[in-house]
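Undergrad: Structure for this input, please:
(one chain, ligands or ions: 1)
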Amino acid sequence: PPGPEHTRTGLSAETLRQAFLDNLFYIQGRFPEIATDDDRYQALSYTVRDRLLHRWVRTIQAYKERDPRTVCYLSAEYLPGPHLANNLLSLGIVDATREALRGLGLDLDAILDHEEEPGLGNGGLGRLAACFMDSLATLEIPAIGYGIRYEYGIFDQKIQDGWQVETSDTWLHYGNPWEVRRPGICYDVRIGGRTEHVTDEHGRLRVHWRHADLFRGVAYDTPVAGYGVETVNLLRLWRAEAAEDFDFTVFNQGDYVGAVMRKVRSETISKVLYPNDEADSGKRLRLLQQYFFVSCSLQDMLRIFATTGRPLAEFHAKFAAQLNDTHPTIAVAELMRLLVDEHGLDWDEAWQATRHTFAYTNHTLLPEALEKWPLPLFADVLPRHLEIVYEINRRFLDDMRLRYPDDPARIARLSIIDETPPKYVRMAHLASVGGHAINGVAALHTRLLGTTVLKDFHDIWPDKFQNKTNGVTPRRFLMLANPGLADLLTEALGDGWTRDLERLRGLEGLADDPAFQDRWRQAKLIRKAALAERLRAGQGNAIDPASLFDIQAKRIHEYKRQHLNLLHVVTLYNRLKHAPDADVPARTVLFGGKAAPGYAMAKLIIKLINAVAEVVNRDPDMRDRLKVVFVPDYNVKVAQSVYPAADLSEQISTAGMEASGTGNMKFSLNGALTIGTLDGANVEIREAVGPDNFFLFGLDADEAVRTRAAGYRPYALYERDPELRAAVDLIAGGHFAHGDAGLFRPLVDHLLGRDDYLLLADYRAYVDCQDRVADAWRDPARWTRMAILNVARMGRFSSDRAIAEYCRDIWNVAPARVDG
Ligand SMILES: CCc1ccc([C@H](C)CC(=O)N[C@@H]2O[C@H](CO)[C@@H](O)[C@H](O)[C@H]2O)cc1
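TA: Down below sits the predicted model:
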């Protein structure tokens, strides 16, 4: 029989219990009677971390021996969510741990609830990066995720008097057991100053960068465990520190504050995440943040490459680096600087290595989200990089002029430099020129990319463009978030679906099975009741789990049209006010999402949601047939309790504006039916689940463009549609603002004036579609059939599929198995 388990590696309940008690004592200096929630959380986390470390070290050893081609994911944002539960799942010890703690009279869920998640991202882009890291490890692909270790992540959202109030995110307050500080892995990052062009003893032109400031980046490593495999990959996040912590000379001169000023100034670089989602702030600190983590990451990749002993010109043979939107795009110029200025490669060799190393993913078509840096700012922060960008651009445009000798307008449009005063560096252009592939994140989005914002590049390099429809990890968003449904799936299909989601298709045969349908509805009801209890405990909402849970959860943005959803709610309200005996199914409309602090209209939409909720929820005529709830502080942890509880998933963006969406996939994977437009990945979800199992409405992307081009007059629609008019008038008249007709004026004026996001154009189709939803809901067998078929056909929206496509079509990388 195998010998006794080692307390630091054993996976049995007994060993886990002992290890937990050991860590409570040796790490926290506590025993159960006096331990706090955090003591228990830390003790359990270190217990689990110990077991991960073995796999982590074996993975590093395997990579060291085999020197495999490696993916480097460069992202300014990561939203990994709480680590503990996911690592228990990856190690396959959820039940053993639950039992280990039960033996001590402790509840695993209570300990899990204590974890503060690393909110190092705003929304879709950051969460996608985390799903991709999970799939890279699960598919045993050698990979490193590089990013920034913000001391303060996305703000905590409180709702006061219906308004969003931001408070700082103190996620590191209790420390973070999942990271390992690597003081030995640190790099100098230079900023500002000027360049000197000299000729060296060999007559070669050398450029010296006389920098003005120097910062240091220190690595913090977090393990990323694959599911059902030994692989544990690396998430390496950089923290900015002063090259010199304390300046004694200044101190001795009595300038005590001065002595620590450099330290304070350095640390500001990784101090806080910019909470803007889809709007470029153009702030100097933002550019510093981007350059800081990119320079540390590339210096780290060069250090790793140096251990291979291979010539630098083959750098791209070792590394495939993905630019997660334009935020890390300065990497193109930084790699050129490192290869040419620091390592003496000649320009052409360096350029070949650079453009074969990088590929660029675009996540948005919104003009205001496309980063372009004013030249004076760029020159001030990165004088050498500006020279390199100029040289890249000169050579690029020379080639283009050969191709288009008499088309100066096209040349100007293609240029990396926007000549409009004060001149700008267009980062999407630098990424397109400096990489070997450009991809959008859903089929429609990729098509629009090639016909709108990057049309000129698509004209010259059609083969550089490819689509990579987003995906989500079924580990966190099904197995972890919805264990009841996951168990039902495994019972019906075996557990192969957890690593091969296409196997869900096996459910199709059960779609009409009454017994299975009952179990299905039961599993959903349990999650709805859990969410209802969470909302009752959290903010005193009384919602009925038997009602239709109609949920819209995502960042607040006008193009996502939370206010169109509200127009439907107010229409339902009016209908019930005028026909209190109408037979309408009880509906609970839930909203969740943060607004960028500087985005006034988004914040007004949050206020309107809460204002409508306040009136509707206490109006006796509603007789509990309509409830509205705003779920505060929507983040990954909250999302895990929201997706499983949804019956209806709201994906109602103006067609052509949501690049993909990933919440749409998570809701559908958890058995929610989707009401949505033909936008982003909705198009592909509808294709997959079947038009009969999707509630479609509204203008498509081309119709939306035509509607605007044809001189769109929203006011006319308002005049023509009595229900629309009644709803708008109720909002405008102050019915939801204690009679204050001014409060929502800006929102109403925009809708009746410009309505840039075509809400009034889609209103009637949306409301009629919602009536079809209500009809379907009345027939549980039909609804459940649709829900089962939805889940059965969602296999392709796994991030494993997306990553397999990136590996095949962009990164050309293969799995490297790590043996147990
Ligand atoms: C410069 C400020 C800024 C910050 C973040 C962003 C992100 C690109 C915004 C984002 O998260 N986009 C979302 O990316 C998801 C993952 O691909 C898509 O599913 C969403 O449709 C897209 O809105 C743009 C601009």
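Undergrad: Name the residues of the stretch 201-350 of the chain found near the ligand, please.
TA: 276, 277, 278, 279, 280, 325 (CB under 6 Å from any ligand atom). All C-beta spots, glycine's among them, are computed from the backbone N, C-alpha and C.
Undergrad: change it to 5 Å
TA: 276, 278, 280, 325 (CB under 5 Å from any ligand atom).
Undergrad: pLDDT at the last one, what is it?
TA: When you say that, I think you mean residue 325. You'll see residue 325 listed with a pLDDT of 98.
Undergrad: Spatially nearest residue to it, not counting backbone neighbours?
TA: Of all residues not flanking residue 325 in the chain, residue 363 sits nearest, at 4.9 Å (CB to CB, 6 or more residues apart in numbering).
Undergrad: The third one now?
TA: If you skip the residues right next to it in sequence, residue 280 has residue 371 as its closest partner in space, 4.9 Å away by CB to CB, 6+ apart.
Undergrad: again with the first one
TA: Closest residue to residue 276 in three dimensions, ignoring its sequence neighbours and counting by CB to CB, 6+ apart: residue 596, at 4.8 Å.
Undergrad: Spit out the contact partners of the residue in the chain that the ligand sits nearest to.
TA: Closest to the ligand within the chain is residue 124: 2.7 Å, counting by CB to the nearest ligand atom. By CB atoms under 8 Å, 6 or more residues apart in numbering, the residues touching residue 124 are 363, 554, 555, 659, 660, 661, 662, 663.
Undergrad: pretty sure the second one contacts residue 662?
TA: No: using CB atoms under 8 Å, residue 554 makes no contact with residue 662, being 9.3 Å away.
Undergrad: just to revisit the earlier point, if I look at the residue nearest to residue 280, how far off is residue 278?
TA: Counting by CB to CB, to the nearest Å, the separation of residue 371 from residue 278 is 11 Å.
Undergrad: can I assume residue 411 is in contact with residue 398?
TA: No: using CB under 8 Å, residue 411 is not in contact with residue 398; the gap is 9.9 Å.
Undergrad: So which of the two has more stuff around it?
TA: residue 411 (17 against 10; other CB atoms under 10 Å).
Undergrad: domain assignment for this protein?
TA: For the chain, automatic domain parsing gives the domain ranges 67-82+117-468, 474-702+759-794.
Undergrad: I'd like these laid out as CSV, including distance to residue 743.
TA: Listed next are the domains of the chain as CSV, based on distance: least, CB to CB, whole Å:
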stretch, distance to residue 743
domain 67-82+117-468, 10
domain 474-702+759-794, 7
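Undergrad: What segments of the stretch 51-200 of the chain are strands?
TA: Using DSSP state E, counting those that start in this stretch, the strands of the stretch 51-200 of the chain run over residues 70-74, 143-148, 156-160, 163-167, 180-191, 194-199.
Undergrad: cool, the stretch 251-400 of the chain as well?
TA: Ranges of strands in the stretch 251-400 of the chain, per DSSP E, counting those that start in this stretch, are 319-324, 358-361, 372-374.
Undergrad: Serialize the ones you listed to a markdown table and add fields for mean neighbour count.
TA: Conversion of these to a markdown table gives the following (neighbours: other CB atoms under 10 Å):
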| stretch | mean neighbour count |
| --- | --- |
| strand 319-324 | 25 |
| strand 358-361 | 26 |
| strand 372-374 | 21 |
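Undergrad: how about those in JSON lines, adding distance to residue 244?
TA: Listed next are the strands of the stretch 251-400 of the chain as JSON lines, based on distance: least, CB to CB, whole Å:
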{"stretch": "strand 319-324", "distance to residue 244": "31"}
{"stretch": "strand 358-361", "distance to residue 244": "33"}
{"stretch": "strand 372-374", "distance to residue 244": "29"}
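Undergrad: now for those, which one comes closest to residue 696?
TA: Each of these has some distance to residue 696 by CB to CB; the shortest is strand 358-361, at 27.4 Å.
Undergrad: Could you check how sure the model is about that closest one, as an average pLDDT?
TA: pLDDT averaged over strand 358-361 gives 98.
Undergrad: ditto for stretch 660-680
TA: Mean pLDDT, stretch 660-680: 98.
Undergrad: ok so, going back, quick one, phi/psi of the residue nearest to residue 280?
TA: phi -70, psi 130 (degrees, to the nearest 10).
Undergrad: sorry, back to before: make sure the residue nearest to residue 276 is indeed in a strand.
TA: No: read with DSSP: H, G, I helix; E, B strand; the rest coil, residue 596 is coil and lies in no strand.
Undergrad: Show the contacting residues for it.
TA: With contact taken as CB under 8 Å, 6+ apart, residue 596 is in contact with 122, 275, 276, 277, 279, 555, 602.
Undergrad: near the ligand, which residues of the stretch 551-700 of the chain?
TA: With CB under 5 Å from any ligand atom as the criterion, the stretch 551-700 of the chain comes near the ligand at residues 658, 659, 660, 661, 662.
Undergrad: Which secondary structure state does the second one sit in?
TA: Yep, that's residue 659 we're talking about. Recorded secondary structure, residue 659: coil (three-state DSSP).
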